[in-house]
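[1] have a look; sequence and predicted model below, questions after that.
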Amino acid sequence: MPQEWAAGRRETRAKGGSSIPDLRPTILDAWKTNNRLTVFLVERLPPRVWTAAIPGAPRRTIRMIAGHIHNARCRWVKTLGGEFGIPVPRSVERRVVGRPELVRAMAQSSRAMLRLLTFGCDEGGTIPAARAYIWRNLPLDVGHVLAYFVAHEAHHRGQIVLAARAMGERLPASVTDGLWQWTTRAAETKR
């Protein structure tokens, strides 16, 4: 599809000449909201939950799951974007990372994810397949890439909430309900 620039807004012409609006702001804002949801949860975990072993997985903690979210972002940015010059944030040591450190690291990995998604938008809506991308089980159009990362993090947010409950540390309703307040979390990303 050929691309045209009009009044500073990118549009694509579909067959038949109709305009398709640039979905870049929607894609990027959706990622920002997802990141905010993850950070919202991490910031509100009680210290005893943060360090506790997960029932049924005694060598794994909530801290390790939360650290995995950041580290997975870093690995995917390296795999899909490193070859194209997208800076890869540093991973965290999942066994010892503190919440403030992880929140700062997540800010960096979120910016890297935004660069990756922007790169895909700039490339006509698809991230070019890097040589390092050998898995080849994720379609690289930005819609699928965004959906995959949001689903991954939502899975782990749910794991964290469920593990806390299994530990007898039910999180306050303000936290669990807050994970579904996407409009509020989206507004928080604008501040």
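    Yep, that arrived.
[2] the helices in this structure, which residues?
    24-43, 47-51, 62-81, 99-122, 142-166, 173-178, 182-190 (DSSP state H).
[3] name the residues of the shortest one that are buried.
    Residues of helix 47-51 classed as buried under the neighbour-count rule (16 or more other C-beta atoms under 10 Å) are 49-50. Where C-beta positions appear, they are placed from N, C-alpha and C, glycine not excepted.
[4] where does this protein have its least confident helix or strand?
    strand 3-6 (a mean of 34; mean pLDDT, DSSP states H and E).
[5] as TSV, the helices of the chain with mean pLDDT and distance to residue 87 would be great.
    TSV is the format used below for those (pLDDT from 0 to 100; distance: least, C-beta to C-beta, whole Å):
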stretch	mean pLDDT	distance to residue 87
helix 24-43	98	17
helix 47-51	94	28
helix 62-81	98	8
helix 99-122	98	6
helix 142-166	97	18
helix 173-178	97	31
helix 182-190	97	21
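[6] return the most buried member of those helices.
    helix 62-81 (a mean of 21; mean count of other C-beta atoms under 10 Å).
[7] from the contact counts, what lies against it?
    On a contact count with 3 or more C-beta pairs under 8 Å, 6 or more residues apart in numbering; DSSP states H and E, helix 62-81 meets helix 47-51, helix 99-122, helix 142-166.
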